[in-house]
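Undergrad: Sharing a model prediction with you, sequence too.
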Amino acid sequence: HKPESFGPRFKSWWAHQKSKPSSAMVGVLSFERYFKQGLEWLMALKLPAILPSSHYIRRLHSQSGGVRAWTHLAELNNADNQFSRGFVKHFPDVAYRSLFNEYFGYTVMSALGIPQPDAAMIEAPIVIDDVEQLRWAFVSFQPTPTYEGTPQEIYNLKNPNEIQQFITRILSCPSFPLMVAADQLVMNGDRNAGNLVFTSKKSFVVIDHSDILGGPNWLSQNLWGKTDWIKSKPLEEWVDMKSLSSTHRNAIYSAASLIEERFFKEISNLKIALDAKSGQESSDALSAIWWRNMDIVNWFQKRLNILV
């Protein structure tokens with residue numbers, strides 16, 4: 001899909017992009033405390049910027065990881081026209097909803113308070129059949145001021161000792177319970193060690209939403225059947241759910257409650273931001289998530305064996 005097909009707002013967005021000081025901010029929400037640590041998050045529903053192709057400077061190198069996209073690190077000017085580096089991801093035509101999923105997922109996750117790097121969509125060069133051409137791509141900018149790397153880059157995840165170091169670290173991050181709950185809501189069964197980036201000892205940002213809603217080729221009629229638990233790799237592959245402490249279980253359960261509340265509060269803003277009235281894809285996807293949100297707390301209660 002081209003961005004224009006996501007809804008008519010994109011046409012005016014493109015026309016006025018140069019006059020915008022930064023990527024679109026639909027609304028900045030008040031500080032909200034969650035969990036007993038008293039951590040405060042600045043909630044902000046944020047859209048990826050739509051950048052002109054002139055913001056692309058040059059390709060640096062291909063990036064390994066990902067089986068349904070071509071990713072490379074590039075130098076670009078961001079929405080503020082500042083020099084940046086970002087991971088540029090092109091999708092094959094056969095994964096035809098991937099670009100939509102990235103845009104939609106980024107916007108929804110921002111509304112839920114999930115930490116993410118700045119992101120954008122841009123027509124970037126790619127070589128197909130020995131011919132260079134411009135095609136729409138999704139950009140995840142390297143987080144600033146600190147980019148430590150993904151767990152795959154930092155740890156040898158075939159080494160039991162380093163696996164345990166990773167597990168101990170990820171469980172210490174206050175954002176971990178929120179990420180687990182939000183991924184379940186948007187049907188992201190592909191949260192792997194290559195699509196989150198550590199930015200400090202106890203913080204990270206998440207990237208890659210191309211597999212939400214059941215995958216890159218979802219059909220509207222199938223979304224309505226997705227009202228049950230999907231596999232959660234963080235809980236079922238990274239850590240042993242049975243060995244989770246009561247503190248971690250309760251934190252994840254509390255996060256599910258917060259995600260439920262936040263989504264219902266933000267659904268009206270999300271409909272506006274994602275052009276749900278004129279865009280059938282956005283309308284169908286938001287409706288499916290709305291129904292999932294009705295059961296998300298109960299799912300986590302059952303999966304974590306929480307007594308309430």
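TA: That came through, no problem.

Undergrad: only C-alpha atoms for contact and neighbour calcs from this point on.
TA: OK.

Undergrad: so where is the protein shaky, pLDDT-wise?
TA: Scanning the chain for pLDDT under 70 picks out the ranges 1-43, 64-67, 225-226, 307-308.

Undergrad: Show me where it has its strands.
TA: Using DSSP state E, the strands assigned to the chain run over residues 25-34, 39-46, 49-51, 56-62, 70-77, 83-90, 119-128, 131-141, 196-200, 203-206.

Undergrad: Ala285 is nearest to which of the ones you listed?
TA: strand 39-46 (17.0 Å; Cα to Cα).

Undergrad: In TSV: the strands of the chain, plus mean neighbour count.
TA: Listed next are those as TSV, based on neighbours: other Cα atoms under 10 Å:
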stretch	mean neighbour count
strand 25-34	13
strand 39-46	17
strand 49-51	24
strand 56-62	15
strand 70-77	20
strand 83-90	22
strand 119-128	20
strand 131-141	19
strand 196-200	19
strand 203-206	21
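
Undergrad: any chance of those in CSV, plus distance to Leu157?
TA: As requested, those are exported to CSV (distance: least, Cα to Cα, whole Å):
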stretch, distance to Leu157
strand 25-34, 31
strand 39-46, 29
strand 49-51, 34
strand 56-62, 22
strand 70-77, 22
strand 83-90, 22
strand 119-128, 28
strand 131-141, 24
strand 196-200, 14
strand 203-206, 18
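
Undergrad: Quick check: buried residues in stretch 154-166?
TA: Judged by neighbour count (16 or more other Cα atoms under 10 Å), stretch 154-166 contains these buried residues: Tyr155, Leu157, Ile163, Phe166.

Undergrad: what's the closest non-adjacent residue to the second one?
TA: Spatial nearest neighbour of Leu157, chain neighbours left out: Ile163 (5.2 Å); criterion: Cα to Cα, 6 or more residues apart in numbering.

Undergrad: so that neighbour touches Asn156, yeah?
TA: Yes. Between Ile163 and Asn156 a contact is recorded at 7.2 Å, counting by Cα atoms under 8 Å.

Undergrad: Which among the strands of the chain is found nearest to Cys173?
TA: Distance to Cys173, taken as Cα to Cα, is lowest for strand 203-206 among the strands of the chain, at 5.6 Å.
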